[in-house]
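> coordinates only, sequence not included:
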């Protein structure tokens, strides 16, 4: 409730993109059912509703959809060797081992070592942050001129960026100032927290399966992008069975970053839907 108050105030429409969509829909289910005046409607950009099945682990379902292999890759951990670290970086310390060595009649020596548990994906994504964001952010129109980023077969080839050139041009969706802002933020905080969203998938699934199953009865909007190579519009088929009051919007010549690539059209769809409530 506190998080909802911070973002939306007393009431609002919850809109999410990609992983944020699930948070938006949970706001609709949790707040809309308890206090319907708090959440009027929910909107999803690109991300379909995948209902949880108590009998099927979500990681097993991911294996059946090759383009979701990157999510399995994001879950892979690796333990790095013990190494002295002073001062301790808060975000990367998983295990703290303090070894006290007493030198007889001379002194007490305290050696602080940490075993840094870093995911495979962190190591790759944080290696060159400028390159990472240049690879991620590009429009559908630019895709034909750039090396293809495949989200399938990531585990087998050993990394999301394996096979891509070192020098990647900055896409038109990001200014140089915006790129540097992303770099500065992730240089400070890293990718650990965002990637933990994927690593918590099974726990989230178990929790969701423990909750009463119910349709989302409030007004909802599903906006799809014709050139999204991961969240395919076809995945949204049948969502009306789970969300009876579902409206749809579609931008054909648009890729995954719908709100960045087509901001005016995206806003027009959102505002039009909101005005009809």
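The structure has been received and is ready for your questions. As the structure is a computational prediction, the values presented were derived from the model and not from experiment.

> Pretty sure residue 178 sits in a helix.
Yes - using DSSP: H, G, I helix; E, B strand; the rest coil, the assignment for residue 178 is a helix.

> Correct me if wrong, but residue 198 is in a helix.
Yes - counting by three-state DSSP, residue 198 falls inside a helix.

> how about it, what does it touch?
71, 74-75 (C-beta atoms under 8 Å, 6 or more residues apart in numbering). Quick note: C-beta positions are derived from backbone N, CA and C, even for glycine.

> Quick one: mark the members of those residues that sit in helices.
Among those, DSSP state H puts 71, 74 in helices.

> where does the protein have low pLDDT?
Residues of the chain that meet the criterion pLDDT under 70 lie in 1-11, 19-38, 78-117, 213.

> For it, which segments count as strands?
Taking DSSP state E as the test, the strands found in the chain are 12-17, 39-45, 77-79, 83-84, 95-103, 107-115, 117-119, 220-225, 246-251.

> roughly how far is stretch 60-72 from the heart of the chain?
Relative to its chain's centre, stretch 60-72 lies at 15 Å (C-alpha atoms, centre = their mean, to the nearest Å).

> ends of that stretch, how far apart?
End-to-end distance for stretch 60-72: 10 Å, by C-alpha to C-alpha, to the nearest Å.

> Just the buried residues of it, please?
62, 67-71 (16 or more other C-beta atoms under 10 Å).

> Would you mind giving these as CSV with distance to residue 240 added?
CSV is the format used below for those (distance: C-beta to C-beta, whole Å):
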residue, distance to residue 240
62, 25
67, 24
68, 23
69, 29
70, 29
71, 26
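
> Looking at these, which is nearest residue 180?
Distances from residue 180 to these, taken as C-beta to C-beta, are shortest for residue 70 (25.4 Å).

> My read is that that closest one contacts residue 151, right?
Yes - using C-beta atoms under 8 Å, residue 70 is in contact with residue 151, at 4.2 Å.

> Overlap in contacts, those two.
residue 160.

> and residue 176, what does it touch?
residue 170 are the contacts of residue 176 under C-beta under 8 Å, 6+ apart.

> Can you tell me what sits against stretch 238-254?
For stretch 238-254, contacts defined as C-beta under 8 Å, 6+ apart pick out 48-49, 51, 140-141, 215-228, 233, 236, 258, 261-262, 265-266, 269, 273, 276.

> how long is that stretch from one end to the other?
By C-alpha to C-alpha, one end of stretch 238-254 lies 22 Å from the other end.

> Run the chain-centre distance for that stretch.
21 Å.

> What residues of it count as buried?
Neighbour-count burial for stretch 238-254, counted by 16+ other C-beta under 10 Å, picks out 239, 243, 246-247, 249, 251, 254.

> Stretch 205-219 too?
Buried, per 16+ other C-beta under 10 Å, within stretch 205-219: 205, 208, 216, 218-219.

> what do you get for stretch 228-237?
Quick answer for stretch 228-237 (16+ other C-beta under 10 Å): 228-233, 235-236.
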